[in-house]
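A.B. asks: predicted model, plus sequence, below.
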Amino acid sequence: MKFPTRSTATLVVMCLFLCACAPAVQSPAPAPGPGPQQRLAAVHAAAGVDDTELNVQPLRDPQVEDLRAKASRALASGDVGAAAEALNQALLIVPDDPAVLQERAEIALLQGQYDRAETLARKAFDVGSRVGPMCRLHWATIEQARLARGQAENAASAHAQIGTCTVPGLKRM
């Protein structure tokens, strides 16, 4: 076995010392902007309330409704993790329910899981209605997830889609 020479050992010690003195590389601070709660409020504001629109609600499985209610209670008490878990269980029962997918996307937005929020909202749009408040919720969630990730151009595209979700009512004479 060959041992390092004194000059090699000195060089190694000096390198270790210099590395210890170097400033730690810090990741850039997140861009200032709205927090998850403000993003969710923007999503709900985009849905709007319009009594002139047709809003069809399917019959729901009672077990899924119980899980949605459990998620709602958990969210009201500030337990976002429990709300997410309840909705995950609901999605195991009805994986293509656009309302449950949307609710889970909104929870992902609150959790700062922006990729997941966009994926869930996109799937909800793909299997759900192309018009009305739910459609606007889907696209607003996608918009906010993209804004949170610094994708302003893609967010603008999603924002433009929100307008296509509203179909003017029939004018009766």
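C.D. replies: Yep, that arrived. Numbers count the residues shown, from 1 in each chain.
A.B. asks: any regions of the chain where pLDDT drops low?
C.D. replies: Filtered on pLDDT under 70, the chain yields the residue ranges 1-32, 49-58, 168-173.
A.B. asks: which stretches in it count as helices?
C.D. replies: Using DSSP state H, the helices of the chain run over 6-21, 36-47, 62-76, 80-93, 98-110, 114-127, 133-148, 152-163.
A.B. asks: export these as JSON lines, with columns for mean neighbour count.
C.D. replies: Every C-beta, even on glycine, is put in place using the N, C-alpha and C of the backbone. What follows is the helices of the chain, written out as JSON lines (neighbours: other C-beta atoms under 10 Å):
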{"stretch": "helix 6-21", "mean neighbour count": "9"}
{"stretch": "helix 36-47", "mean neighbour count": "17"}
{"stretch": "helix 62-76", "mean neighbour count": "16"}
{"stretch": "helix 80-93", "mean neighbour count": "18"}
{"stretch": "helix 98-110", "mean neighbour count": "24"}
{"stretch": "helix 114-127", "mean neighbour count": "20"}
{"stretch": "helix 133-148", "mean neighbour count": "25"}
{"stretch": "helix 152-163", "mean neighbour count": "14"}
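A.B. asks: wait, what's in contact with Leu147?
C.D. replies: Residues in contact with Leu147 (C-beta atoms under 8 Å, 6 or more residues apart in numbering) are 33, 39, 155.
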